[in-house]
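A.B. asks: A predicted structure for the sequence below; I have some questions about it.
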Amino acid sequence: MHRTGFLLLVVTATMLSTAAFAQDTPARVGFAAGASAGFADLGGDAFENLSSAFGLEASARYTWAGNFQALIGFHYGSHEVGGAADSDVSLVSIFADGRYVLAMMNSQRFSPYVGGRIAYVGLSPSAAGIDGSSGFSIGGLVGFLFEVAPRLAIEAYGYFGGLVMGDAVVLPSDTDDSNGNLTIVQFGLVYTLGG
């Protein structure tokens, strides 16, 4: 019984891995541009007074025949700050992703993907006389693509990563710790320009 289960697992994994090279996916080979909207949240003691906020993203990517993607993008959001500082903080992130799109059996329109991200993160308070801070985030993401028309796909993904800021004193907090985490959820469209 255990051998049968193990054999089924191996066969399934092999089929999925070979299908990624043999079947089309919504991630067509070539350059593509994307735009999305969603929300971002900064977690950790240093960011406890910073609210989640609506965010916008724009990205460019290239997909190879083996379903690997390289992506660069830009995220912007404005977060409300509670506590002592009655102001907003702009979150700006420039990121680079490496992604792998998984081809699904019997489906060329829907494909999940997994990936990793490294990002520059900048926080800029709107209040005068308060300096901003910057740092970086590294983490993983999961998402999916669903083709709605030739070269056009719906995309949704979630990202979670560690966040290291050079200076978090721009926010009202009882801690000197400038580390935390960053969560991003986005929903949008991707258009393949050509290959």
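C.D. replies: Received, thanks. Residues are numbered from 1 along each chain as shown.
A.B. asks: gap between the two ends of stretch 76-90?
C.D. replies: 7 Å (Cα to Cα, to the nearest Å).
A.B. asks: check which residues of that stretch are buried.
C.D. replies: Under the neighbour-count criterion of 16 or more other Cβ atoms under 10 Å, stretch 76-90 has 77, 79, 81, 85, 88-89 buried. Placement of C-beta: from N, CA and C, glycine included.
A.B. asks: bridged to residue 162, which residues?
C.D. replies: Beta-bridge partners for residue 162, by DSSP bridges, are residue 138, residue 181.
A.B. asks: ok, residue 90 next?
C.D. replies: residue 78, residue 124.
A.B. asks: how much space between it and residue 126?
C.D. replies: 7 Å (Cβ to Cβ, to the nearest Å).
A.B. asks: same check, this time on residue 184
C.D. replies: 21 Å.
A.B. asks: more neighbours: the two, which one.
C.D. replies: Taking neighbours as other Cβ atoms under 10 Å, residue 184 and residue 126 compare with residue 184 leading, 26 against 13.
A.B. asks: circling back: of the buried residues of stretch 76-90, which pair is most distant in space?
C.D. replies: 77 and 85 (17.1 Å; Cβ to Cβ).
A.B. asks: would you map the helices across this structure?
C.D. replies: 2-22 (DSSP state H).
A.B. asks: list the buried residues of stretch 148-157.
C.D. replies: 153-155, 157.
A.B. asks: make JSON lines from those and add distance to residue 145 and pLDDT to it.
C.D. replies: JSON lines is the format used below for these (distance: Cβ to Cβ, whole Å; pLDDT from 0 to 100):
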{"residue": "153", "distance to residue 145": "5", "pLDDT": "96"}
{"residue": "154", "distance to residue 145": "7", "pLDDT": "97"}
{"residue": "155", "distance to residue 145": "5", "pLDDT": "98"}
{"residue": "157", "distance to residue 145": "9", "pLDDT": "98"}
